[in-house]
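*Asks:* return a 3D structure for these sequence lines:
(one chain, ligands or ions: 1)
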Amino acid sequence: MKVLTEYNLTDLQEELTSSGFEHYRARQILKWVYSKFVFDFDLMTDLPKDMRRTLKETFRVHTLDTVDRVTAPDSVKYLFRTRDGHLIETVLIKERDHLTLCVSTQIGCAVGCTFCATALDGLIRNLRTSEIVDQYLKVAEDIGGRIRNVVFMGMGEPLANYENLRKAVEIMVSPWGINLSKRRVTVSTSGILSQIRRMMEDDVLKDINLAVSINATTQRLRESIMPLTKTNTLKDLMDLLKRYPLRPYRRITLEYVLIKDLNDSEEDALRLARLIGKHKKRFKVNLIPFNPDPNLPYERPPMDRVLRFQKVLWERGISTFVRFSKGVDVFGACGQLRSRRPVVRSLNHEEPAQVGDGAGCNSLSGPPDKGDSRSGL
Ligand code: SF4
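*Replies:* Model (predicted):
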């Protein structure tokens, strides 16, 4: 059976005309699926009956089955099973006045960050376009409505699954698709330079928000906790981000997971300020106190240390926010997603004191507002 959510408008038009149907039917079908969240072809009442029957015999919409759903006060964690039996997680975050969905793009991850639970499984495989899109559809169906913000900060490195990510974003932001604002979609990356360069030229991806996990201020430390960065160096990354084309009022989010006695000193904060240099308006920093995991050898820094780090950056004119994970009680926090057990990572919210909006590593965030973007990992 074919999977409808693998198709963009053009592909579906071609598919339908090759089967003898009018090409304009494609828009009607996609409107049912992506605007009305109707997935049963029998209910698509503006289509002829014989066409509905053919569609039913030819296509299915969903690629995921819901295995579990864990609700916390500020988040809902969904555990989905793919057709080949793998588990993935998606987190719905309740913000003040809107919802944000944290979507996974891979089963496991090859980047190998030493502070991340997802890395413990290694990479199992990329998610298909339909499996990425279906995370949104299943949750929208569950809550009975649209979700305004999407962040690609769940399991996996989104830019390592570029083509499927791109097509999923196309479906999410196109008028014939879910029709989200590009300002409300964020891709979070560990900083794969070749793929960030690709994004810069990409009609679909270039105007969505970019968030990059920094997590260390020296090349030596960064490559020890994020092995991929041996070949994607901090210097080259910052040079590229300083040239990255941005729309007015948009900023790149630098995500920084604060780990006790590893990267949380005032010297680290000063080095981060120096890395940003005079480009203060181009970046904002999200500080994410590490979420302890029994499988990982790190601790969260005490709050006074977190605030001191933030203060150093604020004093140098750099917008810096502290993000705390929501849903830690259900293992729904940053860096806590794994494919082989029903846990999730993601979702941070800001500290009440003197901090603004921001997002988290492998984690989520608030509403992409003016100049807002999100990071992950
Ligand atoms: S933090 Fe992100 S990039 Fe790093 S291992 Fe985890 S999922 Fe992969």
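*Asks:* the host helix or strand of Ala211: partners in the sheet, and parallel or antiparallel?
*Replies:* According to DSSP states H and E, Ala211 maps onto strand 209-213. Take DSSP bridges as the rule and strand 209-213 pairs in its sheet with strand 185-189 (parallel), strand 252-258 (parallel).
*Asks:* model confidence for Val344, exactly?
*Replies:* pLDDT for Val344: 34.
*Asks:* nope, Ala72 is what I was after
*Replies:* 89.
*Asks:* quick check on it: phi, psi?
*Replies:* phi -120, psi 170 (degrees, to the nearest 10).
*Asks:* what's around it, how many residues?
*Replies:* 18 (other Cβ atoms under 10 Å). Every C-beta, even on glycine, is put in place using the N, C-alpha and C of the backbone.
*Asks:* so what's it bridging to?
*Replies:* Applying DSSP bridges, one finds that Ala72 bridges with Ser75.
*Asks:* ok, back up a step: need the strands paired with strand 209-213 in CSV with distance to the ligand and mean neighbour count, can you?
*Replies:* Below are those laid out as CSV (distance: least, Cβ to the nearest ligand atom, whole Å; neighbours: other Cβ atoms under 10 Å):
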stretch, distance to the ligand, mean neighbour count
strand 185-189, 8, 27
strand 252-258, 8, 27
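*Asks:* can you add mean pLDDT and distance to Thr233 and give these back as TSV?
*Replies:* Below are those laid out as TSV (pLDDT from 0 to 100; distance: least, Cβ to Cβ, whole Å):
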stretch	mean pLDDT	distance to Thr233
strand 185-189	96	15
strand 252-258	96	15
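*Asks:* among the ones you listed, which is nearest Gln219?
*Replies:* strand 252-258 (15.4 Å; Cβ to Cβ).
*Asks:* got the CA coordinates for that closest one in CSV?
*Replies:* Output in CSV follows, covering the C-alpha atoms of strand 252-258 (Å, rounded to 0.1, in the frame of the first residue of the first chain):
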residue,chain,number,x,y,z
ILE,A,252,20.1,32.1,15.6
THR,A,253,19.8,30.3,18.9
LEU,A,254,22.9,29.0,20.5
GLU,A,255,22.1,26.1,22.8
TYR,A,256,24.4,25.5,25.7
VAL,A,257,23.8,22.5,28.0
LEU,A,258,25.3,23.4,31.4
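*Asks:* dump the strands paired with strand 209-213 to a markdown table, plus distance to Glu201.
*Replies:* Listed next are these as a markdown table, based on distance: least, Cβ to Cβ, whole Å:
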| stretch | distance to Glu201 |
| --- | --- |
| strand 185-189 | 15 |
| strand 252-258 | 17 |
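*Asks:* closest to Asp236 out of the ones you listed?
*Replies:* Between those, strand 185-189 lies closest to Asp236; by Cβ to Cβ that is 13.9 Å.
*Asks:* just want the angle from the very next helix or strand once past that closest one to strand 252-258.
*Replies:* The C-terminal neighbour of strand 185-189 among helices and strands, as given by DSSP H and E, is helix 193-200. Helix 193-200 and strand 252-258 are oriented at 150 degrees to each other (axes from the mean of the first three to the mean of the last three Cα atoms, to 10 degrees).
*Asks:* how about low-confidence regions in the protein?
*Replies:* For the chain, the stretches with pLDDT under 70 are 325-377.
*Asks:* just give me the longest helix of it.
*Replies:* helix 129-143 (DSSP state H).
*Asks:* buried ones in that one?
*Replies:* 129-141 (16 or more other Cβ atoms under 10 Å).
*Asks:* and the stretch 101-250 of the chain, which of its residues are near the ligand?
*Replies:* Within the stretch 101-250 of the chain, the positions lying close to the ligand (Cβ under 6 Å from any ligand atom) are Cys109, Val111, Gly112, Cys113, Cys116, Thr118, Ala119, Gly156, Glu157, Ser190.
*Asks:* how many residues are close by the fifth one?
*Replies:* Around Cys116 there are 28 other residues, counting by other Cβ under 10 Å.
*Asks:* that one touches Gly108, doesn't it?
*Replies:* No - at 10.6 Å, Cys116 does not count as touching Gly108 under the criterion of Cβ atoms under 8 Å.
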